[in-house]
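1. mind looking at a prediction? Sequence and model below.
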Amino acid sequence: MHVRVQEEPFDLGTEVDQFIRIQDNVGAVVTFSGVVRDTPAQDLDAMEIEHYPAMAQAALEDIATQALNRWSLADVIIIHRFGRLTLREAIMMVGTAAPHRQDAFAAAAFLMDYLKSRAPFWKKELRGGRWEWVSSRTEDAEALARW
Amino acid sequence: MHVRVQEEPFDLGTEVDQFIRIQDNVGAVVTFSGVVRDTPAQDLDAMEIEHYPAMAQAALEDIATQALNRWSLADVIIIHRFGRLTLREAIMMVGTAAPHRQDAFAAAAFLMDYLKSRAPFWKKELRGGRWEWVSSRTEDAEALARW
Amino acid sequence: MQILYFAWVRERIGVPKDVLATEANTVSELVEELKGRAERYQIAFSDMSSIRVAVDQELAELNTPLAGAQEVAFFPPMTGG
Amino acid sequence: MQILYFAWVRERIGVPKDVLATEANTVSELVEELKGRAERYQIAFSDMSSIRVAVDQELAELNTPLAGAQEVAFFPPMTGG
C-alpha cells in the first residue's frame, strides 16, 4: 500500500509505470486520475486545495485498507495533492493492481467514491479574480450507498 | 480516438502520460492495463498472441466508437499487442478521458468486457515446454450481458 | 481541547483553531457552547446539515461523545478526489 | 471465397486458409460443405458451440447469409484483453 499526501506536482506516467513495475504477479492494473478542468464559463485561473494535515494521510490509508480487505488486490496506491494547482494539473490518482480485472475496477471505483466524500480535502476555485469553494455534489455522497 | 494493434512492446507510463497531455478539458482519466502474469504453478515461460489482422483494428475501433456514443467521453485509447510476450509485459491497455469519473469508469469497464469476448485475439501459453491455448472464461462472455 | 476549522467554516469563524476547556459531553453540546462565544460562530454553525465533524481525526456525528477527545474539527462536506 | 482459420481451429484443420468457390447460402451450409472435405474439418467443426465466426470481418452467426461475402473466418471464443 502506497499513500502520499503532497504539495508537489507528480507525474502520472511515472507513477503508473513504477506502480506496475513493483507488482509481482498481477494481471490487471486500473488507474484513475483527477485533473483540474476548466469551468463551463472557461474562467478558471487556479485551484487551491485545503486539507486537514493530521487527518488526511490516515483517512486515505484507512480507505486503502478497506479496499484491500474487500477485494482480492495485490496493491493499492493513492496520491493526493494540496495547495495551489493550475489547469490540467493532476489533483490525485488512485491505482489498483489485482489478479483479475473485476477486482481492480471495483476497488478503484470504491476508492474514488470514498475519497470524494470521506477524505478531508476542500477545493477552492479562482474564477475571474474571485475565490469560490467548490460545492460537494449530492451524487458523490449518494455514490457511497452502493458499497 | 486512438486505436493501435501492434507487435512492439509499449510503455504504459508513456502512453498514459501522452493520453492525458492531449486532452483539452477533462476531469477524469481511467486506464486499464492487462499484464502477462504467471500461472498458479509458476511455470509460464512465454505468451503468444495470435490475431486476425484484417479484423482486429476495425473491431477495436468499433468497440471504441460504441463507448464514445454511449458515455459522455472526451477520448478513448486502445492498444493491443500480438506476437510473443514475456512475464510482466503489458498485453494491452485502454484509457478513457471524461468530464466526470462515472463515465470514465463505466466506459473503461465496458471496453474491457467487449475486448475480452469480441476482439479477435487468442492467447497461447508456453508452460513447461508445452504450448496451450488459453480457454475463454464463461464469466467474460456473461460480463457483456450487463451493458 | 483543540477545535479546528477548515474551508469556509474557518473563514466564517475567522480563525483556524480555538483551544478551550469544555465540559461538553457530545459534539452537539460543544457546538452550542461555541455558538455562545460570538455571532460568527452562530453564523458558521447555523445550518448543521452542511457541517461535518471529526473527533480525534475520525469522522464523527453530532451525538458522538467527547470523553477523552483531544481534537475536534469542523468543516464543510469534503470535496477531495 | 476465402476461408480463414485461427488459433486451435487453424491447428486442427492444418492450414491457415482455404480458397474455394461455394454455393453455400449460410455459414451453416458452408460448415457442412467443409466437413465433407476431410476428417480434420469434421474434427475441427465437431462442436460448433465452441466455434465463432466472422463474415467479412464482422462477427456473425451460423444462420448468417453468405450472399456477396468475400471472406469467412472460423475461430475459438476470443481471449483478448
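-> All right, it came through fine. Residues are numbered from 1 along each chain as shown, chains lettered A, B, ... in the order given.
2. return the residues of chain A in contact with chain D.
-> Residues of chain A lying near chain D by C-beta under 8 Å from any C-beta of the partner chain: A:Arg101. The way it works is simple: take the backbone N, C-alpha and C, and place the C-beta from them, glycine included.
3. and the gap between the residue of chain A found nearest chain C and A:Phe82?
-> For chain A, the nearest residue to chain C under the criterion C-beta to the nearest C-beta is A:Phe121, separated by 3.2 Å. According to C-beta to C-beta, to the nearest Å, A:Phe121 stands 7 Å off from A:Phe82.
4. overlap in contacts of the two?
-> With contacts taken as C-beta atoms under 8 Å, 6 or more residues apart in numbering or on different chains, A:Phe121 and A:Phe82 have A:Ile49, A:Glu50, A:His51, A:Ala56 as neighbours in common.
5. by neighbour count, which of the residues you listed wins?
-> Ranked by the number of neighbours (other C-beta atoms under 10 Å in any protein chain shown), these place A:His51 first, at 23 neighbours.
6. grab the nearest non-local neighbour of that one.
-> A:Phe82 (4.2 Å; C-beta to C-beta, 6 or more residues apart in numbering or on different chains).
7. wait, that neighbour touches A:Glu50, no?
-> Yes: assessed by C-beta atoms under 8 Å, A:Phe82 is found in contact with A:Glu50 at 6.9 Å.
8. joint contacts of those two?
-> Joint contacts of A:Phe82 and A:Glu50 (C-beta under 8 Å, 6+ apart) are A:Phe121.
9. where do the helices sit along chain A?
-> Here chain A has its helices, by DSSP state H, at A:12-21, A:53-70, A:101-118, A:138-143.
10. please identify the most buried of the ones you listed.
-> helix A:101-118 (a mean of 24; mean count of other C-beta atoms under 10 Å in any protein chain shown).
11. quickly check: that one near chain C or not.
-> Yes: interface with chain C: helix A:101-118 contributes A:Met112, A:Leu115, A:Lys116, A:Ser117, A:Arg118 (C-beta under 8 Å from any C-beta).
12. ok, now which ones touch residue 4?
-> You didn't pick a chain, so chain A it is. Neighbour list for A:Arg4: A:Phe10, A:Ile78, A:Ile79, A:His80 [criterion: C-beta under 8 Å, 6+ apart].
13. let me rephrase: I mean chain C.
-> Taking C-beta under 8 Å, 6+ apart, we find C:Leu4 in contact with A:Tyr52, C:Pro16, C:Lys17, C:Glu71, C:Val72, C:Ala73, C:Phe74.
14. list only those of the residues you listed flagged as buried.
-> Among the contacts of C:Leu4, those buried by neighbour count (16 or more other C-beta atoms under 10 Å in any protein chain shown) are A:Tyr52, C:Val72, C:Ala73, C:Phe74.
15. show me the residues you listed that map onto helices.
-> Counting by DSSP H, these contribute nothing to helices.
16. pick the one among those residues closest to chain D.
-> Nearest to chain D among the buried ones among the contacts of C:Leu4, counting by C-beta to the nearest C-beta, is A:Tyr52 at 40.5 Å.
17. just give the number of residues close to the closest residue to chain B within chain C.
-> Scanning chain C for proximity to chain B using C-beta to the nearest C-beta identifies C:Gly81 as nearest, at 7.8 Å. When neighbours are counted by other C-beta under 10 Å, C:Gly81 registers 25.
18. same question, A:Gly128
-> If you count neighbours by other C-beta under 10 Å, A:Gly128 ends up with 10.
19. who's in contact with residue 24?
-> Just going to use chain A. Counted by C-beta under 8 Å, 6+ apart, A:Asp24 has contacts A:Ala74.
20. that's the wrong chain, I meant chain C
-> Taking C-beta under 8 Å, 6+ apart, we find C:Ala24 in contact with C:Leu30, C:Glu32, C:Glu33, C:Leu66.
21. likewise A:Gln57?
-> Going by C-beta under 8 Å, 6+ apart, the list of residues near A:Gln57 reads A:Val3, A:Val5.
22. distance of it relative to A:His80?
-> To A:His80, A:Gln57 is 9 Å away according to C-beta to C-beta.
23. which residues do these two both contact?
-> A:Val5.
24. show me which residues of chain A sit near chain C.
-> So far as C-beta under 8 Å from any C-beta goes, chain A lies against chain C at A:34, A:49-52, A:54-55, A:58-59, A:80, A:91-92, A:112, A:115-124, A:133-136, A:140-141.
25. give me that answer again for 6 Å
-> Chain A comes close to chain C at residues A:34, A:50, A:52, A:54-55, A:58, A:112, A:115-117, A:119-123, A:133-134, A:136, as judged by C-beta under 6 Å from any C-beta of the partner chain.
26. pull out whichever of those are also neighbours of chain B.
-> A:Met112.
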